[in-house]
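Peer 1: my questions are about this predicted structure, shown below with the sequence.
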Amino acid sequence: MQFASMFVEIAEIKEYCQEFLLEVLDTEKCFAIWQSAKKFCLTSLDDRCAGFMATNLGDLAEVDEISKLSRSEVMEILDYCREVIKPF
C-alpha cells in the first residue's frame, strides 16, 4: 500500500514539474526543457516544446544553446518543424 501511495505522490510531483516548466518555457530555456522532457518520458511536455520550437524556429536559431545540441537533436527539431509547418 505504501508503494502505491508513493507512486501517486511521485506522479503528482511530476505533473507539477511539467506545469512549472511550461510556464517558464521561452527561447532561452526551450532546449534544456525539451531534453529533460525526453529524458524523463514527459510526452506532453515534449510535444509542447516541439510546438514551441516549430513556431519560434527563427528566434531559436539565434540562441547559443542550439550549438550544444547533437546532430540528431537538430534533425529531430527540423522534423517537428516539417510536421507543423506544411508547405502550400
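Peer 2: Perfect, I can see it now.
Peer 1: so the most centrally placed residue in the chain versus E65, what's the distance?
Peer 2: The centroid of the chain falls nearest to W34 when counting by C-alpha atoms, centre = their mean (2.6 Å). Separation of W34 from E65 (C-beta to C-beta, to the nearest Å): 10 Å. C-betas here are computed from N, CA, C, even on glycine.
Peer 1: can you check C41 too?
Peer 2: C41 is 22 Å from E65, by C-beta to C-beta.
Peer 1: over to L21?
Peer 2: 15 Å.
Peer 1: so if I had to pick from these two, which one is more boxed in?
Peer 2: With neighbours defined as other C-beta atoms under 10 Å, L21 and E65 compare such that L21 has more, 19 against 14.
Peer 1: what strand or helix carries the more buried one?
Peer 2: helix 2-23 (DSSP states H and E).
Peer 1: could you give me the average pLDDT of that helix?
Peer 2: Helix 2-23 comes out with an average pLDDT of 82.
Peer 1: and the helix or strand following it, what's buried?
Peer 2: Downstream of helix 2-23, the next assigned helix or strand under DSSP H and E is helix 30-39. Within helix 30-39, the residues that count as buried by 16 or more other C-beta atoms under 10 Å are C30, F31, I33, W34, Q35, S36, A37.
Peer 1: now swap in stretch 41-60 and tell me
Peer 2: So, applying 16+ other C-beta under 10 Å, buried residues of stretch 41-60: L42, L45, D46, R48, C49, A50, F52, M53, A54, L60.
Peer 1: pull the CA atoms of that stretch into CSV?
Peer 2: Provided in CSV are the C-alpha atoms of stretch 41-60 (Å, rounded to 0.1, in the frame of the first residue of the first chain):
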residue,chain,number,x,y,z
CYS,A,41,9.5,10.5,-20.8
LEU,A,42,7.2,13.5,-20.4
THR,A,43,5.5,13.2,-23.7
SER,A,44,3.0,16.1,-23.1
LEU,A,45,5.9,18.4,-22.3
ASP,A,46,7.9,17.1,-25.2
ASP,A,47,5.0,17.8,-27.5
ARG,A,48,4.6,21.3,-26.2
CYS,A,49,8.3,22.0,-26.6
ALA,A,50,8.2,20.7,-30.1
GLY,A,51,5.3,23.1,-31.0
PHE,A,52,7.1,26.0,-29.4
MET,A,53,10.3,25.2,-31.3
ALA,A,54,8.3,24.9,-34.6
THR,A,55,6.6,28.3,-34.1
ASN,A,56,9.8,30.0,-32.8
LEU,A,57,12.4,28.5,-35.0
GLY,A,58,13.8,31.8,-36.3
ASP,A,59,14.4,33.1,-32.7
LEU,A,60,15.8,29.7,-31.6
